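> sequence and predicted structure are below.
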Amino acid sequence: MKDFKILKFLDLFKGLFEMLGVDYPVMRKILNVKLILDGRRTSTVLSNQNTKKKKEEEDKNNFIRSLGIYFLMGIFLILYVLIGDNYLFQMSLVFSIIMFLLMTSLIADFSSVLLDTKEKEILLSRPVDSRTFNMARILHIFIYISMITFAIAGPSLIASLFRHGLDFFLIYLCEIVLVTLFVIILTALIYLLVLRFFSGEKLKDLINYVQIGLTIVMSLGYQIIVRIFNFVDIDNMEYKASLWKYLVPPIWFSAPFELIINKNYNNYIIFYSILALIVPILSIIIYVKLVPTFERYLQKFDSADGKTRDKNRFTIFLSKIVCKNKDERAFFKFATNMLRNERTFKLKVYPSIGMSIIFPFLVVISMNFRDLSNLINTKFYLWIYTSFMMIPTVIWSLECSGNFKGAWVFVTMPIRDKSVINKGILKAAIVNLFLPVYIFVAMVFLLLYKMQIIDQILVAGTNMFLYTIVVFRMMGEFLPFSKAFEVTENTTGGRKEFLILLLIAGFALIHYLITMTSYGTYIYIPLAIIISRFAWKKAIL
Amino acid sequence: MEPIISIRDLKKSYGNKEVLKGINLDIFKGEIIGYIGPNGAGKSTTVKIILGLVGDYSGEIKIFGQDIRDGGVEYKKKIGYVPETADMYENLTAREYLSFIGELYGMEYEVANKKAEKLMDLFGIRNVYDARISSYSKGMKQKTLLISALINNPDILFLDEPLSGMDANSVMVFKEVMAELIKRGKTIFYSSHIMDVVEKISKRIILINKGEIVADGSFEEIKGQSMEGSLEEIFNQLTGFEEHERIAKDIVSTIMEGAV
């Protein structure tokens, strides 16, 4: 079997793992297999052989390409590192950005790995103890997350070597590792906490709300960091240590720079520095100790509750309103149920829904009172377009399913017009996911603007519909629920995905131009409706 | 003789639902046990608890005389397990998967690899040894699963529907393998819904219904308890099921309704 370099590197820490009670050789083998599996993709049942090979190569590059995006973001971090010598401020900003990006990636792409129960059957029935099994699981995630971390932090790390010297570089390097570990374990512990208090079916729904919640909290957390410091200018900033600030992790990690390089021996700086070192290590120990408990709670995750109820009546009612065609109606109902029940789908999609809810208001939240009262005269509502970001993720995920092999039914069924499949499924996504988010975001904007921008909100609405069609069209050949979710796959990956995201800005720009004319919106809305009706008929195949 | 597996008052509930209501069992070396019961009776749960896949039970389970709660995972080295759901890492080839499993059991890679290859050959699927498991037919997957359970030369085998998807010839071979293993002192815990097979191969039959053991003994002994007919019929009687004809008729008439 292939031996990975990363595992050879891991061998250096063999003693450490054995100290934690892990059966190292066994864990190494499990990791090796997991890495082999990541390099391979489940062949979709219905794809023919000759396209398969090409696809495989594409998938391998997918993760690498998504690293490219993180690398680009990392280049922006250089600015924060270079800008001055106020390490406490600069570095806590840098770390909060790193932590935010890591945690969102973890919650969106690795929750399914963390909460997987299927593997247990294979591994734990052999002489593998659950501590080793879980360490393998955490390390597997750690390998990918640390690649992402280094893509984000790499550019600023190198830049810091030239600007601030070797000491800074070394502290930064060590802390990146600590932060990565801390974020992974923290996520696992949060899940553990949630698993502790809830059981069965309820838990499965709850996990998704936790995801949304975490995403929102972290988006807000970023704002808080900026507010902790009283801005005067970058080298002349006041910092008052108050008790609650001890609870903000990015500040801990920024303190060692202040301590070692600026020789700032304030009590709170020392205390933060200690926290930065102790808490990540402590969290690992706690996690290892709690692993058996985690396993036990995870069982609840898969066990079915006794009571079941037919929840389909409302869906049937909806389907009659939304779909004329009978087959289409069937697929609408089917997709609605899949969206609601498929755990992996929700794990992947709900974080981006959370972001879509919070992003339009991020700037509003950080406004002061004067700006806020002036809001009504601005074109701030254009931020509504940031909520479009969930659309590509959702549509991409619609193609995947935990039980992707079930997709053979689409081919064996006697369906005359195949376009009804995708029409029904797309409508289900619009009605169940896009519309509720749009309505919520639109309502908040309408309230902020005292109901004066109804026409603008409608323009955004029609654009949302148009954008959905365009994104779907750009996905290429589409068969719903027919591919497996993979770890290495990423929704915010390659060039096409980037283009799709760029299109959002295009739509916002069109909207902006329309607002420059006096009757633009009244012409645009009917026009957009006609275009989208036409596009819907022609483009959804 | 000391029992190889001993279960005392085993109870397990999921929420308010009690799936096992106090199982008591002693299993001895060289026994082949047919473990039967209707769907949802608690068969798989028992096996999963023994294997440590499900925790939080009350009662006591001893394997090779040692309580599984304080023995760590060592005891699993002597156990082979074929689960009903044939979960494997299907993106691996059989060579990769089987040698990996062998290594988990503590075997050397080369030993496990050679052994797996030979077994694949004997089961007549040597030609796909280096193909991904996901491309296998159902029967081939089942054989791979069987090999993964046998590769460590286990003393106790837990088999859950081990013959599913296999062709008649392979079934014959495997039944013979089981008989041969028993002769050499192995213990087999055989769980299935196909009653004729259970009736033929098992020296002892345990019937579980709604989380309780309702019959335990050889086929003749169970029959002796005022029952008659084949194991299938006894199964129906013991689980209180006598309406199969009426239900079958209802099913057929429902199929005929509302056809397009």
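Everything's here; your move.

> how close does A:G154 get to A:G68?
12 Å (C-beta to C-beta, to the nearest Å). Where C-beta positions appear, they are placed from N, C-alpha and C, glycine not excepted.

> then A:S111?
Distance, A:S111 to A:G68, using C-beta to C-beta: 23 Å.

> looking at these two, which one has more neighbours?
Between A:S111 and A:G68, counting by other C-beta atoms under 10 Å in any protein chain shown, A:S111 is the more crowded of the two (25 against 14).

> surely A:L102 is in contact with A:L181?
No: applying C-beta atoms under 8 Å, one finds A:L102 not in contact with A:L181, separated by 10.6 Å.

> more crowded one of these two?
Using other C-beta under 10 Å, the more surrounded residue of A:L102 and A:L181 is A:L102, with 24 against 19.

> pLDDT score for the more buried one?
Per-residue pLDDT puts A:L102 at 86.

> secondary structure class of it, three-state.
Secondary structure assignment for A:L102 (DSSP: H, G, I helix; E, B strand; the rest coil): helix.

> tally of neighbours for the closest residue in space to it that isn't next to it in sequence?
Distances taken as C-beta to C-beta, 6 or more residues apart in numbering or on different chains place A:V183 nearest to A:L102, at 4.7 Å, with adjacent residues excluded. Counted by other C-beta under 10 Å, the residues lying close to A:V183 total 23.

> surely A:V183 meets A:T104?
No: using C-beta under 8 Å, A:V183 makes no contact with A:T104, being 10.2 Å away.

> buried residues, the helix or strand harbouring B:F158. List them.
Using DSSP states H and E, the element containing B:F158 is strand B:156-160. Buried residues in strand B:156-160, counting neighbours by 16 or more other C-beta atoms under 10 Å in any protein chain shown, are found at B:I156, B:L157, B:F158, B:L159, B:D160.

> so what touches it?
B:4-5, B:43-44, B:47, B:50-51, B:63, B:78-84, B:149-150, B:181, B:186-192 (C-beta atoms under 8 Å, 6 or more residues apart in numbering or on different chains).

> buried stuff in stretch A:162-173?
A:H164, A:F168, A:F169, A:I171, A:Y172.

> return the distance of the second one relative to A:I143.
Relative to A:I143, A:F168 is positioned 26 Å away (criterion: C-beta to C-beta).

> next one: the third one
When C-beta to C-beta is the yardstick, A:F169 and A:I143 sit 23 Å from each other.

> next one: A:A151
From A:A151 to A:I143 the distance is 13 Å (C-beta to C-beta).

> and if you look at B:R132?
Distance from B:R132 to A:I143, by C-beta to C-beta: 23 Å.

> A:T393 now?
24 Å.

> low-scoring stretches of the stretch 151-260 of chain B, by residue?
B:225-228, B:259-260 (pLDDT under 70).

> mind running it again at 80?
B:222-244, B:258-260 (pLDDT under 80).

> ok, which stretches of it are strands?
Assigned by DSSP state E, counting those that start in this stretch, the strands in the stretch 151-260 of chain B fall at B:156-160, B:187-191, B:204-209, B:212-217.

> okay, those in a markdown table with distance to A:S92 next?
As requested, the strands of the stretch 151-260 of chain B are arranged in a markdown table below (distance: least, C-beta to C-beta, whole Å):
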| stretch | distance to A:S92 |
| --- | --- |
| strand B:156-160 | 55 |
| strand B:187-191 | 59 |
| strand B:204-209 | 60 |
| strand B:212-217 | 62 |
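
> can you tell me which of those strands comes nearest to A:E258?
strand B:156-160 (59.9 Å; C-beta to C-beta).

> got the angle for the closest one vs strand B:187-191?
Here strand B:156-160 points in a direction 10 degrees away from that of strand B:187-191 (axes from the mean of the first three to the mean of the last three C-alpha atoms, to 10 degrees).

> centre of the chain to strand B:156-160, how far?
4 Å (C-alpha atoms, centre = their mean, to the nearest Å).

> check the buried residues of stretch A:162-173 against chain B, which are close?
Applying C-beta under 8 Å from any C-beta of the partner chain, the subset of the buried residues of stretch A:162-173 adjacent to chain B is empty.

> nearest to A:N422 among those residues?
A:Y172 (48.4 Å).

> for the host helix or strand of the closest one, packing partners?
Using DSSP H and E, A:Y172 falls within helix A:166-197. Packing partners of helix A:166-197 (3 or more C-beta pairs under 8 Å, 6 or more residues apart in numbering or on different chains; DSSP states H and E): helix A:87-105, helix A:111-114, helix A:130-164, helix A:200-228, helix A:249-260, helix A:267-302.

> one step back: what pLDDT does the model give the residue nearest to A:L102?
Looking at A:V183, its pLDDT stands at 89.

> can you pull the contacts of it?
Neighbouring residues of A:V183 by C-beta under 8 Å, 6+ apart: A:M99, A:L102, A:M103, A:L106, A:I145.

> among those, which two are most distant?
A:M99 and A:I145 (11.4 Å).

> please identify which of A:T393 and A:I143 sits among more neighbours.
A:T393 (22 against 18).

> now A:S482, nearest residue through space, not along the chain?
In space, A:S482 is closest to A:A407, 3.7 Å off (C-beta to C-beta, 6+ apart).

> burial check on that neighbour, number of neighbours?
Neighbours of A:A407 (other C-beta under 10 Å): 18.

> now, of the contacts of strand B:156-160, which are buried?
Applying 16+ other C-beta under 10 Å to those flags B:4-5, B:43-44, B:47, B:50-51, B:63, B:78-84, B:149-150, B:181, B:186-192 as buried.

> of the residues you listed, list those near chain A.
The subset of those within reach of chain A, by C-beta under 8 Å from any C-beta, is B:L51, B:I79, B:Y81, B:P83.

> quick one: contacts for the closest residue to the first one other than its chain neighbours?
The shortest distance from B:L51 to any residue other than its chain neighbours is 4.8 Å, reached at A:S125 (C-beta to C-beta, 6+ apart). With contact taken as C-beta under 8 Å, 6+ apart, A:S125 is in contact with B:L51, B:G52, B:L53, B:K76, B:I79, B:Y81, B:P83.

> how does it look with 10 Å?
Listed by C-beta atoms under 10 Å, 6 or more residues apart in numbering or on different chains, the contact set of A:S125 reads B:47-48, B:50-53, B:76, B:79-83, B:87, B:101, B:104, B:148-149, B:158.

> in the stretch 101-250 of chain B, which spans are helices?
Along the stretch 101-250 of chain B, the stretches classed as helices by DSSP state H, counting those that start in this stretch are B:109-122, B:138-150, B:168-183, B:195-201, B:219-224, B:231-238, B:244-256.

> so which bits of the first one are buried?
Buried residues in helix B:109-122, counting neighbours by 16+ other C-beta under 10 Å, are found at B:A112, B:N113, B:K115, B:A116, B:E117, B:L119, B:M120.

> and the pLDDT for A:H511?
According to the prediction, A:H511 has pLDDT 90.

> so which of the buried residues of helix B:109-122 comes closest to A:I540?
B:M120 (47.2 Å).

> does that closest one really touch B:I133, like I thought?
No: B:M120 lies out of contact with B:I133 (C-beta atoms under 10 Å); the separation is 11.7 Å.

> so what sits against both of these two?
In contact with both B:M120 and B:I133: B:A94, B:L98, B:M140, B:T144, using C-beta under 10 Å, 6+ apart.

> ok, of these, which come out buried?
Buried among the shared contacts of B:M120 and B:I133 (16+ other C-beta under 10 Å): B:A94, B:L98, B:M140, B:T144.

> so can I have a markdown table of the residues you listed showing distance to chain A?
As requested, those are arranged in a markdown table below (distance: C-beta to the nearest C-beta, whole Å):
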| residue | distance to chain A |
| --- | --- |
| B:A94 | 13 |
| B:L98 | 12 |
| B:M140 | 16 |
| B:T144 | 12 |
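
> pull the most distant pair out of these.
Top of the distance list for these (C-beta to C-beta): B:L98 and B:M140, 12.7 Å.

> quick check: neighbours shared by these two?
By the contact definition C-beta under 10 Å, 6+ apart, B:L98 and B:M140 are jointly contacted by B:M120, B:I133.
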